[in-house]
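**Student:** Starting from these lines, generate the structure:
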Amino acid sequence: MKGENPRGPLHRVLVANQHSRVTYAELFFDLVFVYAVTQISHLLLARFTPSGAVQTTLLFLAVWWAWVYTTWVTNWLDPELTPVRILLFLLMLGGLVLSMSIPTAFEGRGLWFASAYAAMQVGRSVFLLAATPRSRVSVRRNAIRILAWLLFSAVFWILGGLAESEARLWLWGLALAIEYVSPVARFWTPGFGASSVEDWYVEGGHMAERCAGFIIIALGEAIVVNAATFADLVWTSHAVAAFVSAFVASIATWWIYFHRGAEAGSELISKSAQSGRLARSAYTYLHMPIVAGIVLSAVADEVVLKHPEGHTDLRTALCAIGGPVLFLLGTILFKRDIRGWLQPSHGAGIVALLALGYVAADLSPLVLSLLTTAILIIVAVWEAMSLRGRAE
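**Tutor:** Next up, the predicted model:
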């Protein structure tokens, strides 16, 4: 039939040399994850212990994975169509339950968290399989492989939700390991084999824009929380300096990611014959430390705002230095994937931050914040100057 979409009635119609825009339904879906990121940062603030850090990391990895899997599926399916929109709205409900359960996920609401997460992962994959025509054999096989792995991990999510304390941590850790290993194993499944790179073809510009949007979510959440915290404080010179430092650091962070990197990544993946490989490495895995670094920096900003004076304790030092280090580590690896070489400015920034860690205990939280912000500014300016005359 003329005008029929050969990819399937619910799939995106891909037009050569035309970028598929991010839809309003996808942006609406993202609002849930603003809340999730806030919950993660507040949980880390409340439980900054070794066990609390492990728990928070696990929950962050789950939140990121739920979001990025949805991004893959909405890259293949068309969110402008009513059935796909309804899927997104149901996933939003699951995401809200997931987010509300985060503060007590290792206490009374573990089963709520696990059930919401497993339902999102499995339900989305079932929908993808049902939406793919039988004529697209390789794509359906890919959907079956993904579903099989997520069903396997769902067993451990639910068992963990039913378990207590340490057993829950181990079971959820196993479930998460299964899901994070699955793309590397190309979702190998008995009887179906492994997926090929061609099975993971994505509309590159859309994938790049979606991940850039999540960076904006994380940065926006940090700015809003810092403003809310600052509004409740007495506006002393130290508090004002801490707030300005946090705000300028957010700008420098934005500049490092968006000034040349995001654009170059979007251009490369849009033209790549192996867009699936790039989407898996550069946007699925390597964006994870970028977002984690922004979240950890937001925790540091809130701590410094409330306690800018005195000596820097271990919690403040780890967040203030660890956040930018994670962010720069993620961006240097991301840009290497898209440019083919390591950015010297980012490497120098990581070294400078680690060196700052040796004297952090002798500095006030405010001075430490000002120095980390200065390092981020230097990295941003250095990169901009080094790329000015260089062909991307």
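**Student:** How about the secondary structure of the nearest residue to residue 315 once chain neighbours are set aside?
**Tutor:** Beyond its immediate neighbours in the sequence, the residue positioned closest to residue 315 (C-beta to C-beta, 6 or more residues apart in numbering) is residue 48, lying 4.7 Å away. Bear in mind the C-beta positions are built from the backbone N, C-alpha and C, glycine included. Of the three states, residue 48 takes coil under DSSP: H, G, I helix; E, B strand; the rest coil.
**Student:** now swap in the one 5 residues further on and tell me
**Tutor:** Remark: residue 53 carries the secondary structure label helix [criterion: three-state DSSP].
**Student:** tell me the pLDDT at it?
**Tutor:** As predicted, residue 53 sits at a pLDDT of 92.
**Student:** Tell me how many other residues crowd the residue nearest to residue 315.
**Tutor:** The tally of other residues near residue 48 (other C-beta atoms under 10 Å) stands at 18.
**Student:** What of residue 324?
**Tutor:** 29.
**Student:** How about residue 345?
**Tutor:** So residue 345, with other C-beta under 10 Å, has 21 neighbours.
**Student:** My understanding was that it contacts residue 379; is that so?
**Tutor:** Yes: contact criterion C-beta atoms under 8 Å: residue 345 and residue 379 qualify, at 4.8 Å.
**Student:** which residues touch stretch 353-362?
**Tutor:** The contact list for stretch 353-362, computed with C-beta atoms under 8 Å, 6 or more residues apart in numbering, reads 311-312, 317, 320-321, 324-325, 328, 368, 371-372, 375.
**Student:** rerun that using 10 Å as the cut-off
**Tutor:** 311-314, 316-318, 320-325, 327-328, 363, 367-368, 371-372, 374-376, 379 (C-beta atoms under 10 Å, 6 or more residues apart in numbering).
**Student:** Now do it, average pLDDT.
**Tutor:** Stretch 353-362 comes out at a mean pLDDT of 93.
**Student:** what touches both of residue 345 and residue 379?
**Tutor:** The contact sets of residue 345 and residue 379 overlap at 256, 328, 332 (C-beta under 10 Å, 6+ apart).
**Student:** residues contacting the second one?
**Tutor:** Same thing as residue 328. Contacts for residue 328 (C-beta under 10 Å, 6+ apart) come out as 253, 256, 289-290, 293, 343, 345-353, 375-376, 379.
**Student:** coming back round to it: what's the closest of the shared contacts of residue 345 and residue 379 to residue 150?
**Tutor:** Nearest to residue 150 out of the shared contacts of residue 345 and residue 379 is residue 332 (C-beta to C-beta; 31.1 Å).
**Student:** Let me know how buried that closest one is, in neighbour terms.
**Tutor:** 22.
**Student:** How about residue 342?
**Tutor:** 12.
**Student:** now it, what's its secondary structure?
**Tutor:** coil.
**Student:** what sits against it?
**Tutor:** Contacts of residue 342 (C-beta under 10 Å, 6+ apart): 332-333, 335-336.
**Student:** Output the lowest mean pLDDT helix or strand found in the chain.
**Tutor:** Lowest by mean pLDDT, DSSP states H and E among the helices and strands of the chain is helix 261-271, with a mean of 75.
**Student:** what comes up buried for it?
**Tutor:** 261-262, 264-266, 268-270 (16 or more other C-beta atoms under 10 Å).
**Student:** Sort out for me which of the shared contacts of residue 345 and residue 379 are in helices.
**Tutor:** Counting by DSSP state H, these place 256, 328, 332 in helices.
**Student:** Residue 233: which of the residues you listed is nearest?
**Tutor:** Relative to residue 233, the closest of those is residue 256; by C-beta to C-beta it sits at 28.2 Å.
**Student:** residues touching the closest one, list them.
**Tutor:** By C-beta under 10 Å, 6+ apart, the contact set of residue 256 is 290, 324, 327-328, 331-332, 335, 343, 345-346, 349, 376-377, 379-384.
**Student:** same check, this time on residue 218
**Tutor:** When contacts are counted by C-beta under 10 Å, 6+ apart, residue 218 is found next to 33-34, 37, 40-41, 250, 253, 290-295, 297-298, 327.
**Student:** Report the residue ranges of every domain in this protein.
**Tutor:** Listed by automatic domain parsing, the domain ranges of the chain are 24-200, 204-387.
**Student:** Would you mind giving those domains as a markdown table with distance to residue 5 added?
**Tutor:** Converted to a markdown table, these look like this (distance: least, C-beta to C-beta, whole Å):
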| stretch | distance to residue 5 |
| --- | --- |
| domain 24-200 | 9 |
| domain 204-387 | 16 |
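**Student:** that older thread, surely the residue nearest to residue 315 meets residue 303?
**Tutor:** Yes: the pair residue 48 and residue 303 passes the contact test of C-beta atoms under 10 Å, sitting 8.9 Å apart.
**Student:** Give me the common contacts of these two.
**Tutor:** Here residue 48 and residue 303 share the contacting residues 313, 315-316, 319, scored by C-beta under 10 Å, 6+ apart.
**Student:** avg pLDDT for the host helix or strand of residue 242?
**Tutor:** Per DSSP states H and E: residue 242 is located in helix 237-258. Helix 237-258 comes out with an average pLDDT of 95.
**Student:** List the buried residues for it?
**Tutor:** Applying 16+ other C-beta under 10 Å to helix 237-258 flags 238-239, 241-243, 245-250, 252-257 as buried.
**Student:** hmm, back to that, closest to residue 209 out of the buried residues of helix 261-271?
**Tutor:** Distance to residue 209, by C-beta to C-beta, is smallest for residue 266 among the buried residues of helix 261-271, at 6.7 Å.
**Student:** Please name the residues that touch the residue nearest to the closest one when sequence neighbours are not counted.
**Tutor:** Once flanking residues are discounted, residue 266 sits nearest to residue 208: 3.7 Å by C-beta to C-beta, 6+ apart. Residue 208 is in contact with 19, 202, 262-270, 275, 278-279, 282-283, 338, counting by C-beta under 10 Å, 6+ apart.
**Student:** Which helix or strand contains residue 323?
**Tutor:** helix 314-339.
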